[in-house]
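Peer 1: predicted model and sequence follow; I will ask about them next.
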Amino acid sequence: MTIARTVPELKKFVENGGTVLTIGSSTALGHHLGLPIRDALVEHVAGGDERSLPREKYYIPGSILEVRIDNANPLAYGMEERAMVMWDESPAYRLQPDALLKNVRPVAWFDNPSPLRSGWAWGQQYLDQAVAIVDAPVGKGHVVLFGPEVLWRAQPHGTFKLFFNGLYYGSASSMGGGLRTTEPQ
């Protein structure tokens, strides 16, 4: 399978009302779909180009970090305002200025330069104000970008609600200003 063959099929699925949940490196789908996001873990180099932060500046292999949660978002139903997430060289994003106009929303983000709670982190300050989980409408459907490893071994106890709420997104409909699951009458 190639990007040229799979991305158009995924895009068609989502535009027609499907939901795609991505975790870790598969969140690259957001870039392929043209979502208004950019990589948060980059630096500017000569000529104005960007490159990924080198390991001498940023490296977080398998640590627990704290994120702020928008628990008003249906993906975060039942969550507290803060959660611990497994971060294993995970992607993080900055929303572009037009993101909110396109209803692309942060669900979880780092609200301080020291999110480390267990393990070790080199350059954790680069995550300050970066978005860890993104909810993006695409056509009639949704794409969810889970940067952290929300299903990682024992860690899901703290984040499994995010994933399972995402599964329900596919059978949800907008009614009365809120998102409700559809039920047979």
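Peer 2: Looks like it came in fine. Residues are numbered from 1 along each chain as shown.
Peer 1: can you list the low-confidence ranges for the protein?
Peer 2: 1, 154-156, 170-185 (pLDDT under 70).
Peer 1: try it again at 90.
Peer 2: Within the chain, the ranges that satisfy pLDDT under 90 run 1-3, 44-48, 151-160, 167-185.
Peer 1: distance of the most centrally placed residue in it from residue 10?
Peer 2: Central residue of the chain (C-alpha atoms, centre = their mean): residue 133, 2.4 Å from the mean position. When C-beta to C-beta, to the nearest Å is the yardstick, residue 133 and residue 10 sit 19 Å from each other. Bear in mind the C-beta positions are built from the backbone N, C-alpha and C, glycine included.
Peer 1: swap in residue 60?
Peer 2: In terms of C-beta to C-beta, residue 60 sits 28 Å off from residue 10.
Peer 1: the two: who's more crowded?
Peer 2: Set residue 60 next to residue 10 and count neighbours by other C-beta atoms under 10 Å: residue 60 wins out with 22 against 18.
Peer 1: OK, contacts around the residue lying closest to that one once chain neighbours are set aside?
Peer 2: Nearest non-adjacent residue to residue 60, counting by C-beta to C-beta, 6 or more residues apart in numbering: residue 121, 4.4 Å away. Contacts for residue 121 were tallied using C-beta atoms under 8 Å, 6 or more residues apart in numbering; they are 59, 60, 63, 65, 87, 115.
Peer 1: could you report the neighbour count for the last one?
Peer 2: For residue 115, the count of nearby residues is 25 (other C-beta under 10 Å).
Peer 1: correct me, but it touches residue 124?
Peer 2: Yes - Residue 115 lies in contact with residue 124 (C-beta atoms under 8 Å); the separation is 6.1 Å.
Peer 1: overlap in contacts of these two?
Peer 2: residue 65.
Peer 1: please, where are all the helices along this protein?
Peer 2: Per DSSP state H, the chain carries helices over the ranges 3-15, 29-32, 156-169.
Peer 1: out of those helices, which gets nearest to residue 46?
Peer 2: helix 29-32 (23.6 Å; C-beta to C-beta).
Peer 1: contacts for that closest one?
Peer 2: 3, 7, 10, 20, 22, 37, 93, 134, 136, 143, 145.
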